[in-house]
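Trainee: turn this into a structure:
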Amino acid sequence: MAEKNMIIAIVLSVIWSGLGLIYAGEMKMGVILAVLAVIFELLTWFVFSIAGIIVFIIWVYSLYATYKQVKAVNGE
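Mentor: Numbers count the residues shown, from 1 in each chain. The predicted structure follows:
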């Protein structure tokens, strides 16, 4: 697999949870995190605000997982 740019991966994850993982080649986990972020974001808007905390946790985990995946892909 070709090396991936860490800055691009992190920026994609900042934009939306899971995008950086998809870029780094971890399609399944990236899609799962993106879908979970959408679900909990909608819950935050329509149901209860505690889901906002869950969205934040998903976002932080996505950033961490993206960092680890890009490091693994790049052989670091």
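Trainee: what secondary structure does the residue nearest to G75 when sequence neighbours are not counted sit in?
Mentor: Among residues not flanking G75 along the chain, E3 sits closest, at 8.0 Å (Cβ to Cβ, 6 or more residues apart in numbering). C-beta coordinates here come from the backbone N, C-alpha and C atoms, glycine included. Using DSSP: H, G, I helix; E, B strand; the rest coil, the structure places E3 in coil.
Trainee: and whichever strand or helix holds G20, what's its mean pLDDT?
Mentor: If you go by DSSP states H and E, G20 is part of helix 19-23. Throughout helix 19-23, pLDDT has a mean value of 91.
Trainee: and if you look at stretch 33-52?
Mentor: 80.
Trainee: who's in contact with it?
Mentor: 16-19, 21-22, 54-55, 58-59, 61-62, 65 (Cβ atoms under 8 Å, 6 or more residues apart in numbering).
Trainee: taking those as a set, which two sit the farthest apart in space?
Mentor: I22 and I54 (20.6 Å; Cβ to Cβ).
Trainee: just to revisit the earlier point, list the contacts for the residue nearest to G75?
Mentor: If you count contacts by Cβ under 8 Å, 6+ apart, E3 has them with 73-75.
Trainee: and those residues as CSV, adding pLDDT and neighbour count?
Mentor: Listed next are those as CSV, based on pLDDT from 0 to 100; neighbours: other Cβ atoms under 10 Å:
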residue, pLDDT, neighbour count
V73, 89, 18
N74, 87, 14
G75, 84, 7
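Trainee: if we can go back for a sec, return the backbone torsion pair for the residue nearest to G75.
Mentor: phi -60, psi 150 (degrees, to the nearest 10).
Trainee: try G25
Mentor: Torsion angles, degrees, to the nearest 10, at G25: phi 100, psi 0.
Trainee: got the CA coordinates for the helix holding G20 in CSV?
Mentor: Extracted in CSV, the C-alpha atoms of helix 19-23 (Å, rounded to 0.1, in the frame of the first residue of the first chain):
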residue,chain,number,x,y,z
LEU,A,19,-12.8,10.1,6.7
GLY,A,20,-9.1,9.9,7.6
LEU,A,21,-9.4,6.2,8.2
ILE,A,22,-11.0,5.7,4.8
TYR,A,23,-8.2,7.7,3.2
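Trainee: if anything else comes up later, I'll come back, but that's it for now.
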